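Engineer: what's the 3D shape of this:
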Amino acid sequence: MKYNTTIAVALCGLLLLPVAVYPQAAQTIGKNVEALLQQILDNQKQMQTDINQLKEQMTAREKEITQLREQLKLQKSMVEEKVQAIAEKTDKVAATGGTDFYSARVQYEVARQLQHDVIFNVRKGEQKAWFERVLVEFQKVVDNYPDAPEAPEAQLRIARIYHRYLDDLTQAAKEYHKLIDAYPNSPPAKEAQKALDRI
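Structural biologist: Below is the predicted model of the structure:
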């Protein structure tokens, strides 16, 4: 019987030990749960802060894109105005007969300025149509003032536009040959020959 009492006391002690640990374990678990919940809340706050920052950044980028679009429209408008001014100058030169070298120089400078504007102010994907306008302006120098000092240079620029900007090597070669045939002893003809050797 004594033995049974000892076992009973031992069993009660074992049963009581876990019961005594329960409040402490519950308290530890409660603290862990509270810490975990706090961490979740902190993470949610941080995520909301990040979302708000991303929204602000997106708004700023949208404003930036809008400004860039406006700048592009303005640049296009400026180029179109210059083209119109060039066309008006060309018409004035043509109206005066255009047989003198001064008129040839004016026409050449008009074409050269348009080429410059296209290279530096028009986006790459939109340049082809503009270079075709430049070609027309340089061709006016060659056709209307073939004896002017600017004519060989205008023909060289025509060939270079086909070569460098329009990537039309066949037409570029034809234009270089026209230059060599029409102005064989000119410095532009020598440059044309060098270009042909590289094509």
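Engineer: what residue ranges in this structure score low on pLDDT?
Structural biologist: Scanning the chain for pLDDT under 70 picks out the ranges 1-23, 25-26, 83, 86-99.
Engineer: centroid-nearest residue for it?
Structural biologist: Arg123 (8.1 Å; C-alpha atoms, centre = their mean).
Engineer: surely that one touches Leu72?
Structural biologist: Yes - applying C-beta atoms under 8 Å, one finds Arg123 in contact with Leu72, separated by 7.2 Å. (Glycine included, C-beta is placed from N, CA and C.)
Engineer: distance of the residue nearest to the centre of the chain from Gln71?
Structural biologist: The spacing between Arg123 and Gln71, counted by C-beta to C-beta, to the nearest Å, is 11 Å.
Engineer: next one: Lys63
Structural biologist: Distance of Lys63 to Gln71, computed by C-beta to C-beta: 13 Å.
Engineer: check which helix or strand covers Thr59.
Structural biologist: Applying DSSP states H and E as the criterion places Thr59 in helix 2-95.
Engineer: who are the packing partners of the helix or strand just after that helix?
Structural biologist: As assigned by DSSP H and E, the chain's next helix or strand after helix 2-95 is helix 101-121. Judged by 3 or more C-beta pairs under 8 Å, 6 or more residues apart in numbering; DSSP states H and E, helix 101-121 is in contact with helix 2-95, helix 127-144, helix 150-160.
Engineer: can you tell me what sits against the helix or strand that the shortest one is followed by?
Structural biologist: As assigned by DSSP H and E, the chain's next helix or strand after helix 150-160 is helix 169-182. Outside helix 169-182, the residues that touch it by C-beta atoms under 8 Å, 6 or more residues apart in numbering are 146, 151-152, 155-156, 158-160, 162-163, 186, 188-189, 192-193, 195-196, 199.
Engineer: now with 6 Å?
Structural biologist: 155-156, 158-159, 162-163, 188-189, 192, 195-196, 199 (C-beta atoms under 6 Å, 6 or more residues apart in numbering).
Engineer: run the chain-centre distance for that helix.
Structural biologist: The chain centre lies 33 Å from the centre of helix 169-182; the measure is C-alpha atoms, centre = their mean, to the nearest Å.
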